[in-house]
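Q: sharing a model that was predicted from the sequence below.
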Amino acid sequence: MKRIMMAGLMLMPAAAQAETLYVSNERGDSVSVIDAASGAVRATWKVGGRPRGITVSKDGRYIYLCASLDHAVQVIDRATGAVVAELPSGQDPEQFFLSRDGKTLFVANEDDAALTAIDLASKSVAYQVDVGGEPEGVAQSPDGKWVAVTSEEDNVVNWIDVGSRAMVAETPVDLRPRHVEFTGDGKSLWVAAEVGGTVQIVDTASRHVTETLHFAIPGIPDHRILPCGIRFTPDGRTAVIALGRADHVAIIDVASRKVRAYVPVGKRVWHVAISADGAHAYSANGLSDNVSVIDLAKAQVTGTIAVGAAPWGIAIAP
């Protein structure tokens, strides 16, 4: 038994060392590159204006980044940090979702009130779909059939049929929905309503809200609880939710929909990422210019990493 436990401990650092964090610094016009095992910032890349949404290509070669003030999605070579292409994304891209097959970027364009689908092979716009005002959160269902887009201005989730390239339905939700995330089985969509202070769970089949999660943190007034980023652990059992100016993340048991713990992090937490083994979460703290490292089993912060000005988005990759 002792040898098995020691082997497990030896494997943990190796798994962590293989991961890299990429943090978009909204006011720094930069991306911080962090070694997840050591917490060291390996590089800081200068990028376009007001970077927000960030993700990694399916083949792991590139970072895709919303440069909102440049009205473009930048393609960054992971090996060199160089911007190698700018994709025509429409006006003021905020967030995006890389399609399940890795061939398309679905981009929310706040100024256009549109979803822009970018074909990555041709680096061109495949199509646009008009949605509600101030779209931001974007997610594609696991079966690839639907793209859900939040409208902050209209307080709805727009449902785009990928096959017909048309919006077919709207789901009313709480005030200013900022982020959406499908569960791994595709049966539910979780919606973070920032001003509403809630996370609402939408049944994918009926497109109706079936449950509303509320948050109460001792010593924190309700008006500071502003849900934004949502991520699920790889096993689908746990959700980690950034609570904005509450300066906490909530750890949620997905099956019971109950809060397991509130974890204090840095100031104005925007978004989170989760390690491939599901052991750690990382939060981008926009007003303290740092990233918190969270041990999910212990529900506590185990490290803090200084990054650029106003970290907003965060992505993780091997």
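A: Received it, and whenever you're ready, just let me know what you need.
Q: hey, where'd the helices end up in the stretch 1-150 of the chain?
A: Taking DSSP state H, counting those that start in this stretch as the test, the helices found in the stretch 1-150 of the chain are 2-17.
Q: what's the local residue count around residue 278?
A: 16 (other Cβ atoms under 10 Å). Quick note: C-beta positions are derived from backbone N, CA and C, even for glycine.
Q: read off the pLDDT value for it.
A: At residue 278, the model reports a pLDDT of 98.
Q: my guess is it meets residue 234, correct?
A: Yes - assessed by Cβ atoms under 8 Å, residue 278 is found in contact with residue 234 at 5.0 Å.
Q: quick one: contacts for residue 190?
A: By Cβ atoms under 8 Å, 6 or more residues apart in numbering, the contact set of residue 190 is 180, 181, 182, 183, 199, 200, 201, 202, 230, 239.
Q: CSV for those residues, including secondary structure?
A: Listed next are the contacts of residue 190 as CSV, based on DSSP: H, G, I helix; E, B strand; the rest coil:
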residue, secondary structure
180, strand
181, strand
182, strand
183, coil
199, strand
200, strand
201, strand
202, strand
230, strand
239, strand
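Q: of those residues, grab the buried ones for ChimeraX.
A: Selection of the buried residues among the contacts of residue 190 in ChimeraX, burial being defined by 16 or more other Cβ atoms under 10 Å:
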select :180,181,182,183,199,200,201,202,230,239
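Q: tell me the one of the contacts of residue 190 nearest residue 32?
A: residue 230 (22.0 Å; Cβ to Cβ).
Q: spatially nearest residue to the closest one (excluding sequence neighbours)?
A: Spatial nearest neighbour of residue 230, chain neighbours left out: residue 181 (4.3 Å); criterion: Cβ to Cβ, 6 or more residues apart in numbering.
Q: what's opposite that neighbour in the beta bridge?
A: residue 190 (DSSP bridges).
Q: pull out the buried positions in stretch 85-94.
A: 86, 87, 89, 90, 92, 93, 94.
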